[in-house]
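J.: Okay, structure incoming, though there's no sequence with it:
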Ligand SMILES: Nc1ncnc2c1ncn2[C@@H]1O[C@H](COP(=O)(O)OP(=O)(O)OP(=O)(O)O)[C@@H](O)[C@H]1O
């Protein structure tokens, strides 16, 4: 291997995301935990002391997760409902503060979720323009990308109607089309492909591949394991907020299916 190849290989394996013993705890106000509710005696004591019912409970959603992601990785995150997948993605995107531990990212992470904020009362067209500006594209770049985004979203003439008239699948397609118009250092996709039809899935898988080739890192949460196996080169299986397995898609998905 020449020195140049060695350098290139090293650059390829440049870490983009380091998650170090990450814990995420949600605080839910207005709900007492089972432990705090206590028994009749403690309820009586609260009355005597004129204290109200305890008002806060904690949900420990991510419990000590650690891994390193590299340039060019497409990582599928799988696990049962409530295992912490969306929480982990939101923490990597910087939207949730760690309770303890840390997330380090090289570049700006972008989260594309089914709940991404587009304006329901604006047309698809206005949302494309605003969404592109929000990602930092210039007016000229928006002009250049516009037709491509409309075409990719497959929304057709609905592009001139307000987004509240769109089905959930159409909304998800538009979000993905806008978000993927720009190459991202770290792109986090939360079930964005789940509502698309087969044709859209095929197109978006191709786009994810392209993004990997542009040396970004893609995280994909999906319940459809076929999509994960076809799109990703690595899979992290979360169980009850912890990593149960981290490895090549075929092996991890097989173990998950047999669990
Ligand atoms: N905003 C919140 N406030 C309190 N608890 C939350 C909140 N969001 C998620 N949780 C809890 O955190 C845990 C992990 O939830 P999360 O949504 O990350 O799981 P998930 O694996 O993405 O689930 P799903 O496959 O159903 O989307 C669950 O116990 C959930 O109840």
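T.: Structure's in. What do you need? Keep in mind that this is a model prediction, so the values were computed, not measured.
J.: When you work out contacts or count neighbours from here on, use the C-alpha atoms and nothing else.
T.: OK.
J.: Settle this for me: residue 13 is touching residue 216, isn't it.
T.: No. With contact defined as CA atoms under 8 Å, residue 13 does not reach residue 216; the gap is 11.3 Å.
J.: Now for the two: what residues contact both?
T.: residue 71 (CA atoms under 8 Å, 6 or more residues apart in numbering).
J.: When these two are compared, which one has more neighbours?
T.: Neighbour count, other CA atoms under 10 Å: between residue 13 and residue 216, residue 216 has more, with 22 against 14.
J.: Assess the claim that the more buried one and residue 184 are in contact.
T.: Yes. Residue 216 lies in contact with residue 184 (CA under 8 Å); the separation is 6.2 Å.
J.: got the end-to-end distance for stretch 81-89?
T.: Using CA to CA, to the nearest Å, the end-to-end distance of stretch 81-89 comes out at 14 Å.
J.: anything in that stretch sitting right up against the ligand?
T.: Yes. Contact of stretch 81-89 with the ligand (CA under 6 Å from any ligand atom) involves 81, 82, 83, 84, 85, 86, 87.
J.: which ones among those residues are found in strands?
T.: Residues from these lying in strands, with DSSP state E as the criterion: none.
J.: Now a PyMOL select for only the buried ones of those.
T.: PyMOL command restricting those to the buried ones, with burial defined by 16 or more other CA atoms under 10 Å:
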select buried, resi 83+84+85+86+87
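J.: Turn the residues of stretch 81-89 next to the ligand into CSV, columns for distance to residue 47 and pLDDT.
T.: Compiled in CSV, the residues of stretch 81-89 next to the ligand are given as follows (distance: CA to CA, whole Å; pLDDT from 0 to 100):
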residue, distance to residue 47, pLDDT
81, 38, 91
82, 35, 92
83, 37, 95
84, 37, 95
85, 40, 94
86, 40, 92
87, 37, 95
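J.: ok, so of the residues of stretch 81-89 next to the ligand, who is nearest residue 110?
T.: Residue 110 lies nearest to residue 86 out of the residues of stretch 81-89 next to the ligand, by CA to CA, at 13.5 Å.
J.: Name the nearest residue to the closest one, ignoring sequence neighbours.
T.: Counting by CA to CA, 6 or more residues apart in numbering, residue 86 lies nearest to residue 190, which is 6.8 Å off, once chain neighbours are set aside.
J.: my guess is that neighbour contacts residue 224, does it?
T.: No. Residue 190 lies out of contact with residue 224 (CA under 8 Å); the separation is 11.9 Å.
J.: of the two, who's got more company?
T.: The residue with more neighbours, out of residue 190 and residue 224, is residue 190; 23 against 12, by other CA under 10 Å.
J.: Is the more buried one bridged to anything, and to what?
T.: Beta bridges link residue 190 to residue 113, residue 221, judged by DSSP bridges.
J.: That one and residue 103: what is the separation?
T.: For residue 190 relative to residue 103 (CA to CA), the value is 18 Å.
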